[in-house]
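S.K.: What follows is a predicted protein model with its sequence.
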Amino acid sequence: MDPTPHDRRPPRRSLVLPLAILVLAVVLAARLVGGFVGQRAAPAVEPRPVTARGDLAEDEKSTIELFRRASPSVVFITTVARGFTGFFEIEEVPQGTGSGFVWDGEGHVVTNFHVIRGASGARVTLHDQSEWPATLVGVAPDQDLAVLRIEAPAAKLAPILVGTSRDLQVGQKVFAIGNPFGLDFTLTTGIVSALGRSIRSLTGRPIEDVIQTDAAINPGNSGGPLLDSAGRLVGVNTQIASPSGASAGIGFAVPVDTVGRIVPQLLRHGKV
């Protein structure tokens with residue numbers, strides 16, 4: 001019986017030629033692409049030679065030496081506060097961080113009052129990363145100063161060199177070492193931008209003769225030292241003026257002459 005018209009199909013060999021052309025095109029394209037990539041990857045790439053440099057500049061050397069000598073005196077302060085768990089158990093939870101510096105060989109540490117304000121405890125991390133519980137010796141809220149004490153052995157303590165602020169001059173180089181945003185032992189540099197500034201303490205009382213500097217001071221720098229080019233303490237970094245809360249190049253430090261008057265009173269009496 002002859003097939004009906006709708007049962008007739010084209011012979012299968014009519015599809016062979018188009019398929020062969022398609023396969024050939026794919027193979028040729030792959031070879032072209034492979035050859036192109038091979039040509040791009042073939043040349044050997046040699047590393048750039050290192051350019052030799054001379055000695056560091058003298059001011060770089062002095063800054064490096066200053067940090068090497070002064071940084072062991074700087075400490076990292078972590079404060080804790082008492083809080084309640086879900087079962088009404090009291091536990092200590094982290095509250096904040098700040099900076100400070102070793103005052104003497106007996107383990108006294110100077111920082112800002114606002115660093116430890118409201119805290120139930122504090123821990124001090126020394127330059128060798130050893131961590132020590134601290135006890136509160138005394139506070140001077142009107143000057144934003146506080147003294148802690150740790151029971152570290154004298155061999156681990158590097159008391160800071162103390163200078164004077166009465167003969168500072170605008171334009172003089174200064175250096176800040178602290179723990180901004182928890183980044184411990186950070187060095188920033190600048191100059192004395194102005195002298196004789198007045199800022200307001202947490203109690204509302206003015207702190208007089210404050211040093212203004214453009215050395216970057218950020219949250220966490222509070223309580224850290226401001227040093228002169230001899231590595232001597234000339235101020236305690238305390239506040240910044242900034243619309244964003246980060247460094248805007250206007251920082252303030254309590255002058256070391258004020259610190260030298262207040263700290264001995266705190267050591268003797270716990271208050272001014």
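M.R.: Sure, I can see it.

S.K.: which SS state does Gly98 fall under?
M.R.: Following DSSP: H, G, I helix; E, B strand; the rest coil, Gly98 is assigned to strand.

S.K.: I figured it hits Asn112, correct?
M.R.: Yes. With contact defined as C-beta atoms under 8 Å, Gly98 counts as touching Asn112 (6.6 Å). All C-beta spots, glycine's among them, are computed from the backbone N, C-alpha and C.

S.K.: intersection of neighbour lists for the two?
M.R.: Residues within reach of Gly98 and of Asn112 at once, by C-beta atoms under 8 Å, 6 or more residues apart in numbering, are 222-223.

S.K.: What pLDDT is listed against the most centrally placed residue in the chain?
M.R.: Most central in the chain under C-alpha atoms, centre = their mean is Leu183, positioned 3.0 Å from the mean C-alpha point. pLDDT recorded at Leu183 is 92.

S.K.: residues in contact with it?
M.R.: Contacts of Leu183 by C-beta under 8 Å, 6+ apart are Gly220.

S.K.: Apply 10 Å and report the result again.
M.R.: If a contact means C-beta atoms under 10 Å, 6 or more residues apart in numbering, then Leu183 has 76, 97, 218, 220-221 as its contacts.

S.K.: Just to check, Gly245 is in contact with Ile217?
M.R.: No. The criterion here is C-beta atoms under 10 Å, and Gly245 misses it with Ile217 at 11.7 Å.

S.K.: Pick out whichever of the two has more residues nearby.
M.R.: Ranked by neighbour count (other C-beta atoms under 10 Å), Gly245 and Ile217 place Ile217 first, with 30 against 9.

S.K.: Spatially, what comes nearest to the more buried one if we skip its sequence neighbours?
M.R.: Leaving aside its sequence neighbours, Ile217 sits nearest to Gly251 (C-beta to C-beta, 6 or more residues apart in numbering; 3.5 Å).

S.K.: For the one you found, name its beta-bridge partners.
M.R.: Thr213, Ile240 (DSSP bridges).

S.K.: Ok, Thr188 next?
M.R.: Beta-bridge pairing of Thr188, defined through DSSP bridges, involves Ala176.

S.K.: List the contacts of it.
M.R.: 174-178, 180, 213-218, 221, 224, 226, 237, 247, 251.

S.K.: One more: Gly231?
M.R.: The neighbourhood of Gly231, defined by C-beta under 10 Å, 6+ apart, consists of 62, 65-71, 73, 160-161, 163, 175, 177, 225.

S.K.: ok, of those, which come out buried?
M.R.: Using 16 or more other C-beta atoms under 10 Å as the burial test, the contacts of Gly231 include 66-67, 70-71, 73, 160, 163, 175, 177, 225 as buried.

S.K.: What ranges in this protein fall below the confidence cut-off?
M.R.: Within the chain, the segments meeting pLDDT under 70 span 1-20, 23-24, 26-42, 83-94.

S.K.: other SSEs contacting whichever strand or helix holds Lys61?
M.R.: Under the criterion of DSSP states H and E, Lys61 resides in helix 58-70. Helix 58-70 sits against strand 173-178, strand 186-200, strand 225-227, with contacts defined as 3 or more C-beta pairs under 10 Å, 6 or more residues apart in numbering; DSSP states H and E.

S.K.: Alright, calling it a day.
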